[in-house]
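K.L.:
Turn this into a model:
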Amino acid sequence: MTSAAPAPIGPYSQAIQAGGILYISGQIALDPATGDLITENIEAETHQVLKNLGAILQEAGITFDQVLSCSVFVKDIEQFSRINAVYALYFNSDIPPARALVQVSELPKKVNIEISAIAQL
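P.N.:
Below is the predicted model of the structure:
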């Protein structure tokens, strides 16, 4: 666990390592330093979510390049292109991870986006 990413808000771990794989729990746009939600716009919110994921990856000694798959949950699929523009800044390798992106009716703390990831150690 790293203090550079938000502590879990429920009975789960930030991430679990097993068999050379890192399973990262869904991250939302909580600023780990202040506990505040970053929700002024979908771009800022997506950046914070990915910064939180990045902090967990860094704690495990890996980077976004080792991410194999992401699950992205959004409240408004109409924001897809704006989310995708930010997402592409973090996953800019020649072979980006597999991904599922789905619209949901509600997310924890009423956020607009949550991302979980699976990475190779």
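K.L.:
now this structure, which segments are flagged as low pLDDT?
P.N.:
Scanning the chain for pLDDT under 70 picks out nothing.
K.L.:
let's see it at 90
P.N.:
Scanning the chain for pLDDT under 90 picks out 1-11, 92-94.
K.L.:
How about the secondary structure of residue 119?
P.N.:
strand (DSSP: H, G, I helix; E, B strand; the rest coil).
K.L.:
beta partners of it?
P.N.:
residue 22, residue 67 (DSSP bridges).
K.L.:
Quick one: residues contacting it.
P.N.:
For residue 119, the contact set (CB atoms under 8 Å, 6 or more residues apart in numbering) comprises 21-22, 24, 57, 60, 62, 66-68. In this view, the C-beta of every residue, glycine as well, is placed from N, C-alpha and C.
K.L.:
out of the residues you listed, which one sits closest to residue 112?
P.N.:
residue 24 (19.1 Å; CB to CB).
K.L.:
For residue 84, see how far away that closest one is.
P.N.:
The gap separating residue 24 from residue 84 is 20 Å, by CB to CB, to the nearest Å.
K.L.:
Compare those two (neighbour count), which wins?
P.N.:
Between residue 24 and residue 84, counted using other CB atoms under 10 Å, residue 24 has the larger neighbour count: 22 against 13.
K.L.:
coming back round to it: are any of the contacts of residue 119 buried, and which?
P.N.:
22, 24, 57, 60, 66-67 (16 or more other CB atoms under 10 Å).
K.L.:
quick one: the helices in this protein?
P.N.:
Counting by DSSP state H, the chain has helices at residues 42-59, 80-90.
K.L.:
shouldn't residue 104 be in contact with residue 73?
P.N.:
Yes: the criterion here is CB atoms under 8 Å, and residue 104 meets it with residue 73 at 5.0 Å.
K.L.:
who has more neighbours, the two?
P.N.:
Shown here are residue 104 and residue 73; by other CB under 10 Å, residue 73 has more neighbours (20 against 12).
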